[in-house]
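**Q** A structural model of the following input is requested.
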Amino acid sequence: MTASFIAPAIQVCAFALGCAVIHAARAHAVALTRLLAAMAIVTAALLLFGASLACAPDDNMNLHDIITCNGA
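**A** The predicted structure follows:
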């Protein structure tokens, strides 16, 4: 009689464990997605900032030098 209760109990425990693992993976996936999105935004901002510094004119350049430097 007790042997007939053991197999379903093991199946229920395995199902509950599987549900817990899936739930934990989903929670971590949301956090990881947010972290990767934030890193992409920061990387893009730093890249644009670096590009703006590379293209910025010097303080002692006049308007003619700035136009010819930018290729316009």
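**Q** Would you map the strands across this structure?
**A** Counting by DSSP state E, the chain has no strands at all.
**Q** report the longest helix in it, please.
**A** When the chain is parsed with DSSP state H, its longest helix is helix 2-55.
**Q** Report the rounded mean pLDDT for that helix.
**A** Helix 2-55 shows an average pLDDT of 82 in the prediction.
**Q** and it, what other elements does it pack with?
**A** The contact analysis (3 or more Cβ pairs under 8 Å, 6 or more residues apart in numbering; DSSP states H and E) places helix 2-55 against no helix or strand. Backbone N, C-alpha and C define where each C-beta goes, glycine included.
**Q** mind starting the numbering at 16 from now?
**A** Done: numbering now begins at 16, and the last item shifts to helix 17-70.
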